[in-house]
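A.B. asks: take this sequence and fold it.
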Amino acid sequence: MNTQFKIAIYWLLLGACFLTHTLFHMYGLFYGIDIRLPDATGEVPLGVQAFNTVIYTVTFLMALLSVNLSGKGFRWFSFVWSVLFLLLNIFHLSATLFVEAFDLSQACLLSLVIAVNVLLTLTLWKWLRNKLGS
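C.D. replies: The predicted structure follows:
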C-alpha cells in the first residue's frame, strides 16, 4: 500500500476514534447520568472550542493533506504532530484507567487509539527517514 495513503488512513482512524470517544461519553445520557460539568454555564468556553478544533478538525485535515502533500516540511510537521498526539493519548488512557471511573468501552477504544497512533508515528518516521536518505 502507498505510504501516503496508509498515513491518511491512520489519521482518519484517529479522527473516527476521537468522535467515537465523545459518543461513548454521551452514552450516560441514555442511562440517566447527568454528564454536565459542575460549573457549566450553557456556553462552550473558547478554550474547549479551540481544543476541539485541534483534536477533531486538524486530525481530518492531516488525513486530507497526507494524500496531497509530501514535502519535507509537511513530513516533519506530521511526524511531530503524531508524537504529540501519542503523548496526549497515553496520558488520557492513563487517566481513564487510573483516575476516572473505569469504563471498559473507553479503555478498549483508547487502547486502539494508542495502537493506531503508534503505527502512524512509526510509518511517518520511516517515511521521513526514507525521504531524507533520498
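
A.B. asks: hey, let's count contacts and neighbours off CA atoms from now on
C.D. replies: Fine.

A.B. asks: mean confidence for the helix or strand harbouring Gln49?
C.D. replies: Element membership of Gln49 [criterion: DSSP states H and E] is helix 46-52. Helix 46-52 shows an average pLDDT of 96 in the prediction.

A.B. asks: after it, which helix or strand is next? Please name it.
C.D. replies: Toward the C-terminus from helix 46-52 - assigned by DSSP H and E - lies helix 58-66.

A.B. asks: now do whichever helix or strand comes after that following helix against helix 58-66, angle only.
C.D. replies: Using DSSP H and E, the helix or strand that follows helix 58-66 towards the C-terminus is helix 72-98. Orientation of helix 72-98 against helix 58-66 (axes from the mean of the first three to the mean of the last three Cα atoms, to 10 degrees) gives an angle of 150 degrees.

A.B. asks: chain center to stretch 48-63, what's the gap?
C.D. replies: Between the mean C-alpha point of stretch 48-63 and the mean C-alpha point of its chain there is a distance of 9 Å (Cα atoms, centre = their mean, to the nearest Å).

A.B. asks: for stretch 84-99, same thing?
C.D. replies: If you compare the mean C-alpha spot of stretch 84-99 with that of the full chain, they lie 11 Å apart, counting by Cα atoms, centre = their mean.
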